[in-house]
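Trainee: Sharing a model prediction with you, sequence too.
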Amino acid sequence: MKSRWMVLTLAVCLALVLVGATGCKHKKQEPVITTPGGPSGSGTGGQPEVKDVLFGPNGLLKPVYFDFDKSNLRPDAIEQLNKNAEVMKKHPEYIYQIAGHCDERGTQEYNLALGERRALAVRDYLISVGLGADKLVTISYGKEQPADPGHDEAAWSKNRRAEFNEGKK
């Protein structure tokens with residue numbers, strides 16, 4: 001008699017666990033981001049959100065590249081930073097994260113420090129052309145997030161960069 005109740009209790013518990021695991025799924029809510037056309041999904045006429053236009057691989061804010069073992073800004077980097085600064089000035093509602101990256105050569109510690117110097121060089125330049133320091137945060141990923149996983153100069157030149165993400169303070 002006891003084993004019958006144990007089996008029945010176990011079956012009920014198992015059924016409750018299964019119902020709870022499958023029946024409690026909630027639809028993940030997307031954050032509402034206010035853009036010049038209003039909240040996302042209203043009044044934008046099918047246009048992408050400003051955030052999506054600014055950040056990411058196809059965004060308006062393009063990465064800048066560095067020479068091997070250097071953190072000084074090359075002329076092509078300054079040209080791109082001037083373009084980025086104009087876009088950023090038009091969108092003061094954002095905080096911009098400047099992420100410094102390196103290629104795979106060198107130790108983890110060395111590359112984290114080099115990535116930081118690269119991010120700070122970009123930040124300092126953007127401040128010098130009129131962006132507020134309170135709108136710029138830096139981070140270094142060193143060699144941990146390569147843009148190209150290859151192991152040659154073509155790949156390494158793509159990995160020695162500073163890129164822009166939406167930042168948080």
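Mentor: Nice, I can see it.
Trainee: contacts, neighbours, all on C-alpha from now
Mentor: Fine.
Trainee: What is the neighbour count of T138?
Mentor: Counted by other CA atoms under 10 Å, the residues lying close to T138 total 21.
Trainee: Surely it is in a helix?
Mentor: No - with DSSP: H, G, I helix; E, B strand; the rest coil as the criterion, T138 is strand rather than part of a helix.
Trainee: where's L114, which helix or strand?
Mentor: helix 108-128 (DSSP states H and E).
Trainee: May I see the buried residues of that helix?
Mentor: For helix 108-128, burial by neighbour count (16 or more other CA atoms under 10 Å) applies to 111-123, 125-127.
Trainee: now stretch 50-58
Mentor: Buried residues in stretch 50-58 (16+ other CA under 10 Å): V50, K51, L54, F55, G56.
Trainee: ok now it, how far from the chain's centre?
Mentor: 10 Å (CA atoms, centre = their mean, to the nearest Å).
Trainee: Ok, stretch 57-66 next?
Mentor: Worked out by CA atoms, centre = their mean, stretch 57-66 lies 12 Å from the chain centre.
Trainee: Likewise for stretch 79-98?
Mentor: 15 Å.
Trainee: For that stretch, measure first residue to last.
Mentor: End-to-end distance of stretch 79-98: 17 Å, with CA to CA, to the nearest Å as the criterion.
Trainee: So what touches it?
Mentor: 60-64, 119, 122-123, 126, 129, 131, 134-139, 162-169 (CA atoms under 8 Å, 6 or more residues apart in numbering).
Trainee: Filter the residues you listed down to the buried ones.
Mentor: Judged by neighbour count, with 16+ other CA under 10 Å as the criterion, the buried members of these are 60-64, 119, 122-123, 126, 131, 135-139, 162-165, 167.
Trainee: how about the strands of this structure, start to end?
Mentor: Per DSSP state E, the chain carries strands over the ranges 34-35, 38-39, 64-65, 96-101, 136-142, 161-166.
Trainee: is the closest residue to L120 other than its chain neighbours in a bridge, and if so with what?
Mentor: Nearest residue to L120, sequence neighbours excluded (CA to CA, 6 or more residues apart in numbering): T138, at 6.7 Å. Applying DSSP bridges to T138 gives these bridge partners: I98.
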